[in-house]
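Asks: A predicted structure for the sequence below; I have some questions about it.
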Amino acid sequence: MNNLFSEIFGCYYKVVTEIVNGSPLSAAEIIRIIKENGFEESCFHLLPKIENLPFIEKRGDKYYSLLEHKSNMPLTNIEKSWLKSVIQDPRFDLFAENFDKSKFDEIEPLYEQAHFKYYDKYSDGDDFANPCYRKIFRKINATMETSSTIKIVYQSPKRDKITIGHYVPLKFEFSPKDDKIRIFAARIFKGAISDYVCLNMGRVLDVGNSRETFSGQLNPEPFLEKFETEEYITVKIYNERNAIERFMVEFSTYRKNSEFDDETQTCKTKIYYRKADETEMVIKLLSFGPTLKVLGSERFVKLFKYRLQRQYELIKNNTVLK
């Protein structure tokens, strides 16, 4: 099992494994399995050979496996190395509480977490290794699977207010840039949905049993669609301090349309982003300073100016204090 590619992981081996594990099967059922898991011509090549396999026996109109146990595909060494790398990720323990890692003690990882350097990720990500964080995550995850109500003690972003609410957790979302997990949930008040919200997992201080109950119909799709709504803005980047190249690298993962003006040596770009990432977009654009100008939308320009004014006031106040 040292080869990167092995024929036992090929299509025909997978088809035979499905047949063996699913027996007894009729000829029609075997044909269906071959068509679903094989190629267009697989029935022509494979079907005549089924009856000649030493571990399959035909009795009447059914095909039976003679194997005592179901067939399982063995792991290659490279798959084991990949798994060793995955279980080293601190987020792995959020989902695999009782996973026995000792089975991989002698396996060399395919890669180490230290091999990766992130330049577009915030440094204040969630503490996934924190035992309290993991306990809260698992409690919310278990509640999510049963669609039941849970009490959440939550710290506000400014850390000057703590709220206690009752929620039906709906789904998790991980932000690679923020390195944080969000929770989409329905807020419950007096047995009814008062709102759909998005909570930061790192700000959840505690969870517990809820006095609220909810037996109605959940309809989070409009909220989730609004959260995922795609907006766009138009910016002009000046060809100074390598700004155009830096901009293209910084926003390489965003959908955009760009036009370069040879006469003015500027690049006009329409860039699309998720509504949920608007604050992050403002911060990224501010980092380009005078080499970038926001042309629209009007609402985003106002938001951009407001953020710029706040930043100026913070710097001014800090200077006064000194």
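Replies: Yep, that arrived. Everything quoted here is computed from the prediction, not taken from an experiment.
Asks: assign residue 78 to helix, strand or coil.
Replies: Secondary structure, DSSP: H, G, I helix; E, B strand; the rest coil: residue 78 is helix.
Asks: okay, now the unreliable bits of the protein?
Replies: Counting by pLDDT under 70, the chain has low-confidence residues at 1-9, 40, 119-122, 158-159, 226-227, 318-322.
Asks: the helices in it, which residues?
Replies: Taking DSSP state H to define them, one finds helices in the chain at 11-22, 27-37, 42-50, 77-87, 92-95, 131-146, 221-227, 243-250, 278-286, 298-321.
Asks: okay if I get those helices as JSON lines plus mean neighbour count and distance to residue 272?
Replies: Where C-beta positions appear, they are placed from N, C-alpha and C, glycine not excepted. Shown next, in JSON lines, are the helices of the chain (neighbours: other C-beta atoms under 10 Å; distance: least, C-beta to C-beta, whole Å):
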{"stretch": "helix 11-22", "mean neighbour count": "17", "distance to residue 272": "39"}
{"stretch": "helix 27-37", "mean neighbour count": "15", "distance to residue 272": "37"}
{"stretch": "helix 42-50", "mean neighbour count": "14", "distance to residue 272": "42"}
{"stretch": "helix 77-87", "mean neighbour count": "17", "distance to residue 272": "32"}
{"stretch": "helix 92-95", "mean neighbour count": "16", "distance to residue 272": "31"}
{"stretch": "helix 131-146", "mean neighbour count": "16", "distance to residue 272": "30"}
{"stretch": "helix 221-227", "mean neighbour count": "12", "distance to residue 272": "15"}
{"stretch": "helix 243-250", "mean neighbour count": "16", "distance to residue 272": "15"}
{"stretch": "helix 278-286", "mean neighbour count": "16", "distance to residue 272": "10"}
{"stretch": "helix 298-321", "mean neighbour count": "11", "distance to residue 272": "12"}
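Asks: residue 199 is nearest to which of those?
Replies: Taking C-beta to C-beta, helix 131-146 is the member of these nearest to residue 199, at 9.4 Å.
Asks: could I get the CA-only coordinates of that closest one as PDB?
Replies: Presented in PDB, the C-alpha positions along helix 131-146 are these (Å, rounded to 0.1, in the frame of the first residue of the first chain):
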ATOM      1  CA  PRO A 131     -11.300  23.300  26.800                       C
ATOM      2  CA  CYS A 132     -14.200  25.700  27.700                       C
ATOM      3  CA  TYR A 133     -14.500  26.600  24.000                       C
ATOM      4  CA  ARG A 134     -14.600  23.000  23.000                       C
ATOM      5  CA  LYS A 135     -17.200  22.100  25.600                       C
ATOM      6  CA  ILE A 136     -19.500  24.900  24.500                       C
ATOM      7  CA  PHE A 137     -19.100  24.100  20.800                       C
ATOM      8  CA  ARG A 138     -20.000  20.400  21.400                       C
ATOM      9  CA  LYS A 139     -23.000  21.400  23.500                       C
ATOM     10  CA  ILE A 140     -24.300  23.700  20.700                       C
ATOM     11  CA  ASN A 141     -23.500  21.100  18.100                       C
ATOM     12  CA  ALA A 142     -25.500  18.500  20.000                       C
ATOM     13  CA  THR A 143     -28.400  20.900  20.300                       C
ATOM     14  CA  MET A 144     -28.200  21.700  16.600                       C
ATOM     15  CA  GLU A 145     -28.600  18.000  15.700                       C
ATOM     16  CA  THR A 146     -31.900  17.800  17.700                       C
END
